[in-house]
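Asker: Provide a 3D model corresponding to the input given below.
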Amino acid sequence: MLTYRQDGERSEVKNMTKHLTEKDLKEGKELMQILENLGEEDRKQVIIYASALKDRQLIESSKKAG
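Answerer: Okay, here's the model as predicted:
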(Lines give C-alpha, C1' and ligand atoms only; values in the text may rest on other atoms or scores of the structure.)
Protein backbone atom coordinates (compact mmCIF):
# COMPACT_ATOMS: atom_id res chain seq x y z
CA MET A 1 0.00 0.00 0.00
CA LEU A 2 1.29 3.47 -0.82
CA THR A 3 0.46 6.78 0.77
CA TYR A 4 1.44 10.33 0.03
CA ARG A 5 3.12 12.56 2.56
CA GLN A 6 2.32 16.24 2.69
CA ASP A 7 5.47 17.05 0.73
CA GLY A 8 4.16 14.92 -2.15
CA GLU A 9 6.67 12.06 -1.81
CA ARG A 10 5.36 8.52 -1.95
CA SER A 11 6.25 6.28 0.94
CA GLU A 12 5.38 2.68 1.67
CA VAL A 13 3.37 2.00 4.77
CA LYS A 14 3.90 -1.74 4.89
CA ASN A 15 6.08 -1.43 7.99
CA MET A 16 3.30 0.41 9.79
CA THR A 17 0.89 -2.48 9.35
CA LYS A 18 3.26 -5.35 10.19
CA HIS A 19 2.18 -5.31 13.84
CA LEU A 20 -1.54 -5.52 12.99
CA THR A 21 -3.31 -8.84 13.26
CA GLU A 22 -5.90 -10.11 10.80
CA LYS A 23 -8.53 -9.27 13.43
CA ASP A 24 -7.21 -5.70 13.64
CA LEU A 25 -7.39 -5.33 9.87
CA LYS A 26 -10.92 -6.77 9.75
CA GLU A 27 -12.11 -4.44 12.51
CA GLY A 28 -10.46 -1.49 10.76
CA LYS A 29 -12.29 -2.29 7.53
CA GLU A 30 -15.59 -2.57 9.39
CA LEU A 31 -14.98 0.78 11.08
CA MET A 32 -14.15 2.42 7.75
CA GLN A 33 -17.37 1.07 6.22
CA ILE A 34 -19.35 2.56 9.09
CA LEU A 35 -17.59 5.91 8.79
CA GLU A 36 -18.05 6.04 5.00
CA ASN A 37 -21.82 5.90 5.46
CA LEU A 38 -21.93 8.77 7.96
CA GLY A 39 -22.19 12.44 7.22
CA GLU A 40 -19.31 14.78 7.99
CA GLU A 41 -20.78 15.98 11.30
CA ASP A 42 -21.41 12.42 12.50
CA ARG A 43 -17.85 11.41 11.56
CA LYS A 44 -16.56 14.29 13.67
CA GLN A 45 -18.63 13.08 16.60
CA VAL A 46 -17.22 9.55 16.22
CA ILE A 47 -13.67 10.95 16.26
CA ILE A 48 -14.39 13.06 19.34
CA TYR A 49 -15.94 10.09 21.14
CA ALA A 50 -13.05 7.77 20.24
CA SER A 51 -10.56 10.40 21.42
CA ALA A 52 -12.42 10.70 24.72
CA LEU A 53 -12.28 6.92 25.18
CA LYS A 54 -8.55 6.97 24.50
CA ASP A 55 -8.05 9.81 26.99
CA ARG A 56 -10.06 7.94 29.62
CA GLN A 57 -7.94 4.84 29.07
CA LEU A 58 -4.74 6.85 29.49
CA ILE A 59 -6.03 8.44 32.70
CA GLU A 60 -7.09 5.09 34.13
CA SER A 61 -3.77 3.47 33.29
CA SER A 62 -1.83 6.35 34.84
CA LYS A 63 -3.91 6.05 38.04
CA LYS A 64 -3.05 2.36 38.25
CA ALA A 65 0.65 3.08 37.70
CA GLY A 66 0.75 5.94 40.18
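Asker: Can you show me the strands along the protein?
Answerer: For the chain, the strands defined by DSSP state E occupy 2-4, 10-12.
Asker: rank the ones you listed by pLDDT, which is bottom?
Answerer: Mean pLDDT per stretch puts strand 2-4 lowest among the strands of the chain, at a mean of 47.
Asker: what about the longest helix in this protein?
Answerer: Longest among the helix segments of the chain by residue count, using DSSP state H, is helix 40-65.
Asker: For that helix, the averaged confidence score.
Answerer: The average pLDDT within helix 40-65 is 93.
Asker: Would you pull up how far it lies from the middle of the chain?
Answerer: Centroid displacement of helix 40-65 relative to its chain, using Cα atoms, centre = their mean, to the nearest Å, is 12 Å.
Asker: Then stretch 23-39?
Answerer: Relative to the chain's own centre, stretch 23-39 is displaced by 10 Å; criterion: Cα atoms, centre = their mean.
Asker: For the residue nearest the centre of the chain, which residues are in contact?
Answerer: Nearest to the mean C-alpha position of the chain, by Cα atoms, centre = their mean, lies residue 28 at 7.8 Å. Taking Cβ atoms under 8 Å, 6 or more residues apart in numbering, we find residue 28 in contact with residue 20. C-beta here means a position set from N, CA and C on the backbone, and glycine is covered the same way.
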